[in-house]
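Asks: Predicted model and sequence below, questions to follow.
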Amino acid sequence: MLYYGNYTDRYKLNYIHKNDDGEWYSIAREDYERWVDRDVIENKNTVKIDHIDSTEIDSWIEDNKNTGVYVKVSYMGEWSGTVGGIGSSKSVEGWGDEDFFISYGDDIVSACFQKEENDNSILSVEIIKNGKLIEYERTSAAYGMVCVSASV
């Protein structure tokens with residue numbers, strides 16, 4: 001599935017599936033969706049199969065934000081960083097807001113994100129457990145970096 005963001009001038013890629021009952025759903029995991037530059041998509045041989053109203057797609061993430069642990073990064077620009085638990089940290093990059101779910105069994109969660117742009121917009125990073133904010137940091141510095149960690 002492709003979603004074009006007018007503000008970002010980028011495409012969001014996500015996999016959607018149809019249940020046996022005919023309902024569409026997406027599995028919102030960081031390894032299932034990503035933002036891609038417009039020219040990368042438009043210079044490929046893409047084929048439009050169907051048009052689906054995104055309000056008709058149930059998202060696993062929306063239904064389950066009150067359980068588990070995840071890191072939320074928010075910034076209206078490009079960012080890069082690392083996120084994860086002990087022994088399961090990984091490098092990520094993206095644009096805009098994104099949630100990263102943490103594997104069960106990790107006692108300590110950490111995340112560091114850096115703005116890839118020279119502006120004064122706010123980059124914020126949150127660690128959330130069972131719907132409650134555990135740790136939060138933010139910066140508005142140009143190319144600013146934010147690091148958070150918490151025992152969960």
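Replies: Thanks, I have it.

Asks: For stretch 102-114, give me every contacting residue.
Replies: 68-71, 73, 75, 79-86, 88-89, 100, 123, 125, 127, 143-152 (C-beta atoms under 8 Å, 6 or more residues apart in numbering). Where you see a C-beta, it was placed from the backbone N, CA and C, and this is true even at glycine.

Asks: what's the span of that stretch from first residue to last?
Replies: 20 Å (C-alpha to C-alpha, to the nearest Å).

Asks: Pull out the buried positions in it.
Replies: Residues of stretch 102-114 classed as buried: 102, 106, 109-114 (neighbour count, 16 or more other C-beta atoms under 10 Å).

Asks: for those, which one is nearest Gly131?
Replies: When these are ranked by distance to Gly131 (C-beta to C-beta), Ile102 comes first, at 14.3 Å.

Asks: Now for the residue lying closest to the closest one once chain neighbours are set aside, how many residues are close by?
Replies: Closest residue in space to Ile102, ignoring its immediate chain neighbours: Val69 at 4.4 Å, by C-beta to C-beta, 6 or more residues apart in numbering. Neighbours of Val69 under the rule other C-beta atoms under 10 Å: 19.

Asks: Cross the buried residues of stretch 102-114 against strands and list the overlap.
Replies: Judged by DSSP state E, the subset of the buried residues of stretch 102-114 located in strands is 109-114.

Asks: Relative to Leu133, which of these is nearest.
Replies: Lowest distance from Leu133 to these (C-beta to C-beta) belongs to Val109, with 12.8 Å.

Asks: Look up how far Ile122 lies from the closest one.
Replies: 21 Å (C-beta to C-beta, to the nearest Å).

Asks: quick one, phi psi at Glu117?
Replies: Phi and psi for Glu117, reported as degrees, to the nearest 10, are phi -130, psi 150.
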